[in-house]
Structure formats: structure tokens, C-alpha cells
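> Structure of the sequence below:
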Amino acid sequence: MCAFVLVAEDDVKQAELLRRYLRHEAHSVLVVHDGREAVDQAKLRQPDLLVLDVMMPGIDGFDVVRALRRDSDVPVLVVTARSTAEDKLTGFDLGADDYVTKPYDPRELMARVRSLLRRAGPAGHRSVLPLCIGALVLDQVRHTVRVHGRPIDCTPAEFRILEALLAEPGRVLSRRQLLNRAHGEDTFVTERTADTHLKNLRRKIEADPRRPQYLHTVYGVGYKIADGG
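Here you go, the predicted structure:
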């Protein structure tokens, strides 16, 4: 069962671990790092599951659950180091569906994810809104890309790279991260291939590829997407 999972976790290493395990089971993943963004993205994207840390900047995970339960029934799996009985009861009373304490066995976590998704019903029953930055729109359901309404012909690898960047605007992804997304972790391609993909994408979506509005190079690190309009 493939699903769209929103991960709210301020610890970058923990977030990457969660992303890796979820993607291994073919789920689409969006990671955010603070509570306010978790609420905003949950309301905007309507995920099939929210994996939520409690101790985050902005507002904490309990406040996130409280805000979402006013008008959303998204399944919420709390993953946190706060393990007291009082904390667990607070989470459940506010509307969390399950609670896992750190450190956790990733196999148990994935089993709980599968259980929650089965209980919620078929994945994709919630509308998945397109990923948008300015006039650049990527529709994950229809598998299309448009700029100012103009359709863009992307290869499958280019689409997956653009999807990864659009899912986390402003975040820098390394060439290897982008290649793993485009070609899979078990496929050997050189990091120069990422430069080729980005060059082709710029040619297709940028008004002036030499002065990119969307796809930005972070020298020595990788690439990011930003709203230049």
C-alpha cells in the first residue's frame, strides 16, 4: 500500500532515517522540521499519515495534534523520546492514533505505519494537491509539470528529481541524494549525471537557464529549489 506520509521531525538525522524507511516501502514522503509547518502542510497536502515528533520548535507535537483534530481525521503516529505514561495519555487524549518511543526498532515502526494505513483505508483516498513554487506546478497524480500553464516534457528521472526538490523548497539536496531519488540507490551512476539532469531541467523550465529563477546551485553541496518570483 503506497501512501503520502508527512514526517514532522526537527532532528535531521532522525528525519532522514524515517524518510529512508518509508521510501523503502514505496511511500511518498514530505519532511518538515517545526510544528507550525506541520500544521500548514497537513492542511494543504492532506497526507495519508502524519509521523510526528513531540518536541519541536514553533509549536510542539501535542499542539499540532490539537490543531489538526479540529477539522482533520488524518492518522497520527507520534514518535518521541517522551515516554512517561502521562505523555502517552496526553497524546491519545488529544487524538493521536499510535505512540512509539525513541529509540525504536525501525521494523516495529514500519509495522505500525502499515497498521495505521490499513485502518485508514486505501491510500490516495485523500486529495493530493500539486507541488507548486511560483508558476512551476508538478502534479504527482497526473504526472505532469507545467510552467505558467505550459506543459513541460520531463523524463522519468527529471520528474523524480524535480519532485524531490519541490517537496522541500529551500532545502539543499546533494547530487547523490538526487541521483538516488532519480535512479534508485542500487544503480551506479556518476554524480556528473545529476548535473546533466539539472542542466536539462533548467533548459526546460527556466526563462533564462543562465539566471535561474527556480533551480539553484549551492556550490560544493548540491541543488535546491526556491521561489524566485
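> could you pull out the helices for this structure?
12-24, 35-45, 61-68, 85-94, 106-120, 156-167, 175-183, 192-205 (DSSP state H).
> quick one, which of those helices is nearest to residue 78?
helix 85-94 (4.9 Å; CB to CB). (C-beta placed from N, C-alpha, C; glycine too.)
> Touching that closest one from outside, list them.
By CB atoms under 8 Å, 6 or more residues apart in numbering, the list of residues contacting helix 85-94 from outside reads 54, 61, 62, 65, 66, 69, 78, 80, 99.
> Show me the beta-bridge partners of the most centrally placed residue in the chain.
Nearest to the geometric centre of the chain sits residue 30, at 0.9 Å (CA atoms, centre = their mean). Residue 30 has the following beta-bridge partners by DSSP bridges: residue 6.
> before we move on, the earlier item: want to try TSV for the helices of the chain, with mean pLDDT as columns?
Putting those into TSV (pLDDT from 0 to 100) gives the following:
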stretch	mean pLDDT
helix 12-24	87
helix 35-45	87
helix 61-68	92
helix 85-94	86
helix 106-120	87
helix 156-167	89
helix 175-183	83
helix 192-205	92
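> Between those, which one is closest to residue 148.
helix 192-205 (9.9 Å).
> relative orientation of that closest one and helix 156-167 in degrees?
80 degrees (axes from the mean of the first three to the mean of the last three CA atoms, to 10 degrees).
> What's opposite residue 80 in the beta bridge?
Bridge pairing for residue 80 - DSSP bridges - gives residue 101.
> I meant to write residue 223 there.
Assigned bridge partners for residue 223, using DSSP bridges, are residue 173, residue 217.
> pretty sure it contacts residue 212?
No: using CB atoms under 8 Å, residue 223 makes no contact with residue 212, being 9.9 Å away.
> quick one, which of the two is more surrounded?
Set residue 223 next to residue 212 and count neighbours by other CB atoms under 10 Å: residue 223 wins out with 23 against 19.
> Show me just the buried residues among the contacts of helix 85-94.
When those are checked for burial by 16 or more other CB atoms under 10 Å, the buried set is 54, 61, 62, 65, 78, 80, 99.
> Could you measure from the fourth one over to residue 97?
Relative to residue 97, residue 65 is positioned 10 Å away (CB to CB, to the nearest Å).
> just the fifth one next, same as before
Plainly put, residue 78 is 9 Å away from residue 97 if you go by CB to CB.
> The first one now?
Counting by CB to CB, the gap from residue 54 to residue 97 is 14 Å.
> returning to that earlier point: now do the shared contacts for residue 65 and residue 97.
Shared contacts of residue 65 and residue 97, counting by CB under 8 Å, 6+ apart, come down to residue 76.
> Same list (the buried ones among the contacts of helix 85-94) but as CSV, adding distance to residue 24.
Below are the buried ones among the contacts of helix 85-94 laid out as CSV (distance: CB to CB, whole Å):
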residue, distance to residue 24
54, 25
61, 24
62, 29
65, 26
78, 21
80, 22
99, 23
